[in-house]
Each structure stands twice: as C-alpha cells, then as structure tokens.
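**Q** Sequence and computational prediction follow.
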Amino acid sequence: MDKFNRTLHGYDPDEVNAFLDQVINHVEKMVNEMKEKDAKIKDLESRLTVNEDMKAKLETYEKLEESLKQTAFMAERTGEQIKNNAYRESEMILEDAKKNANRIVNNALLKAERASDEAALLKRNVNIFKRRLRSVIEEQLEMVNEIEKIDF
C-alpha cells in the first residue's frame, strides 16, 4: 500500500486523488475482465450444451447405425437361407420331375409294348381267320362245283 505525504489538513489531496484514480482504473479493469470472463463462461456453457446435445444425437445415430448394421446382417442371412432353401427345393422338384418322367416313359413303353403285342396278336388272328375263311369258301366253292356236276 502506498503512503501519502501529510499536509496541513491531512493527506495530500493530489496524491490521494491519483491513488483513487489508480484504484478506480484497476477496479474498472477487473470489472471489465470479469464481464469478459462471464461472457466467455456463458459462451462456453452454451457451447457445452450444444456439444452435449450433439453428443446425445451422435449416440442416438451410433445406436441407429448399429441397429441398421444388425438389420442388414439379418436380412443378408435370411436372404441366404431363403436362397439355400429355394435351391434345395428346386433340386427336390427336379428330382421328383425326373422320377415322374422316368415313370411316365416306362409306363408309355410298357403300353406301347402291350399295344405292339396286341397288334401282332390281332394280325395273327386276322391271318388265321383269313386262312380259315378262305378254306371254308374254297370248300363251299368245291361243293358248289360238285353240285353243278350233278344232273337233275
């Protein structure tokens, strides 16, 4: 602390006034610094609030991203399962179709063979019938010829 010189009525007013001016300047400077610091604190607090909001949003987006990744993974896995099931089912259908085709072809071959056998049998029967009919007709014709030889 400064010491003031004494005068007739107390301390020297010029020195006291100069000291008071210094104190006032220093207090004003401190008040201005405090106002600046308060403003800075408010600014930092508002930034902190914004940062906290952004952090909360970022966490929400990260959770959403993780959820989307899991959903995409599950969709891919489900797609693979569907594709594998469809492939197995198509293989089974193809195998059944081949079995049915073989069965149908075998049945058709059997029917064709039976029809061929029946046709051959009918052809033999027709030939036998023709021979017998020819034989009967020839016998009848001979009888007619014999009857013509007889005179009445």
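**A** Cool, got the structure.
**Q** confidence score at Asp117?
**A** According to the prediction, Asp117 has pLDDT 93.
**Q** got a list of what Glu142 touches?
**A** Listed by Cβ atoms under 8 Å, 6 or more residues apart in numbering, Glu142 has no contact partners. Bear in mind the C-beta positions are built from the backbone N, C-alpha and C, glycine included.
**Q** Give me the below-cutoff pLDDT ranges for the chain.
**A** Scanning the chain with the threshold set as pLDDT under 70 gives 1-2, 4-5, 7, 151-152.
**Q** which residues in this structure form strands?
**A** 6-7, 10-11 (DSSP state E).
**Q** Take those strands and write them to a markdown table, including mean neighbour count.
**A** Shown next, in a markdown table, are the strands of the chain (neighbours: other Cβ atoms under 10 Å):
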| stretch | mean neighbour count |
| --- | --- |
| strand 6-7 | 10 |
| strand 10-11 | 11 |
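**Q** ok, Glu15 - how many residues close by?
**A** Number of residues near Glu15 (other Cβ atoms under 10 Å) recorded here: 14.
**Q** now Val27
**A** Residues near Val27, counting by other Cβ under 10 Å, number 10.
**Q** measure it to Leu20 for me?
**A** Distance, Val27 to Leu20, by Cβ to Cβ, to the nearest Å: 10 Å.
**Q** With Phe73 instead?
**A** Per Cβ to Cβ, Phe73 is found 77 Å from Leu20.
**Q** Same check on Pro13?
**A** Pro13 is 10 Å from Leu20, by Cβ to Cβ.
**Q** okay, and the common contacts of these two?
**A** Counting by Cβ under 8 Å, 6+ apart, Pro13 and Leu20 have no common neighbour.
**Q** returning to that earlier point: tabulate the strands of the chain in a markdown table, adding columns for distance to Glu80.
**A** Listed next are these as a markdown table, based on distance: least, Cβ to Cβ, whole Å:
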| stretch | distance to Glu80 |
| --- | --- |
| strand 6-7 | 102 |
| strand 10-11 | 97 |
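**Q** Out of those, flag the one nearest Glu33.
**A** Among the strands of the chain, strand 10-11 comes nearest to Glu33, with 29.7 Å by Cβ to Cβ.
**Q** Centre of the chain to that closest one, how far?
**A** 96 Å (Cα atoms, centre = their mean, to the nearest Å).
**Q** what's the answer for stretch 105-119, then?
**A** Using Cα atoms, centre = their mean, the mean C-alpha position of stretch 105-119 is found 51 Å from that of the whole chain.
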